[in-house]
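Q: The sequence isn't on hand, but the structure is:
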């Protein structure tokens, strides 16, 4: 008996760095529109799908005319740039059972039907929050949307934007939370083969008020808010993390709690005369 395991690796197109992509490992690249001819040719030589980033906004759900216009313009852009599919994102908050909650489901279903007729063979994906537990009012009809979409890009990062964990430094993607979120989608009835785990290619940089013996960091909270680990974090790209870790006072450390690496570095301030 043969078992076929399919892997999907998404990348988001950064115009300055695309020459450094690990092309053989990528299956889909999300773009915002036109791309360089050389980039286009290299991607397709590796059978990578180029898909258009398309944002559904709350305003699109308010009437059929606005909804239809969005679908037509999206199809026209895909055809114009000769792309292979559509990557749909919806960033607004929704309450379960609300009018907009049901309208989003209807719009996704209608859009997918329209896209498949206009763009035969296109790949259609949709972004999902890290958990289907409706944290932070990010609540969709997950199962209904999953039933009509090819792939679900699960945003398994910035998780502590939705948690109440006090003013401590923490990982963007704590392992147990990522695992729980993906498992909950599967328990809900979502086909696991459709799930793509989104991971950050950056880290969080915190200013510590106090360091604990175990390497923990109490944050210097200037905002006077209860849940402050995420709001107080500064994003730094992966290449900057690699540069800083070599100059850190601790080197690379490991958090068993979060199953994530971290390090501590010092910043010296000088006051001129």
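A: Everything's here; your move. Treat the numbers as computed from the prediction; the structure is a model and nothing was measured.
Q: shouldn't residue 219 be in contact with residue 170?
A: No: Residue 219 lies out of contact with residue 170 (Cβ atoms under 8 Å); the separation is 9.6 Å. C-beta: built from backbone N, CA, C; applies to glycine.
Q: Might you report the residue contacts of the residue nearest to the spatial centre of the chain?
A: Centrality entry for the chain: nearest residue to the mean C-alpha point is residue 155, 3.7 Å, by Cα atoms, centre = their mean. Neighbouring residues of residue 155 by Cβ atoms under 8 Å, 6 or more residues apart in numbering: 127-130, 198.
Q: how about a cut-off of 6 Å?
A: Neighbour list for residue 155: 129-130, 198 [criterion: Cβ atoms under 6 Å, 6 or more residues apart in numbering].
Q: Looking at residue 219 and residue 170, which has the bigger crowd around it?
A: residue 170 (24 against 21; other Cβ atoms under 10 Å).
Q: where's the more buried one relative to residue 260, distance?
A: 8 Å (Cβ to Cβ, to the nearest Å).
Q: do residue 152 as well
A: To residue 260, residue 152 is 24 Å away according to Cβ to Cβ.
Q: Now do the helices in the stretch 101-250 of the chain.
A: With helices called from DSSP state H, counting those that start in this stretch, the stretch 101-250 of the chain shows them at 142-146, 175-188, 238-245.
Q: Identify each buried residue in stretch 106-122, please.
A: With burial defined by 16 or more other Cβ atoms under 10 Å, the residues of stretch 106-122 counted as buried are 107-109, 111-112, 114-115, 119, 122.
Q: One more: stretch 66-82?
A: Buried positions in stretch 66-82, judged by neighbour count with 16+ other Cβ under 10 Å: 67, 70-71, 74-75, 77-78, 81.
Q: from those, which single one is nearest residue 45?
A: residue 81 (17.4 Å; Cβ to Cβ).
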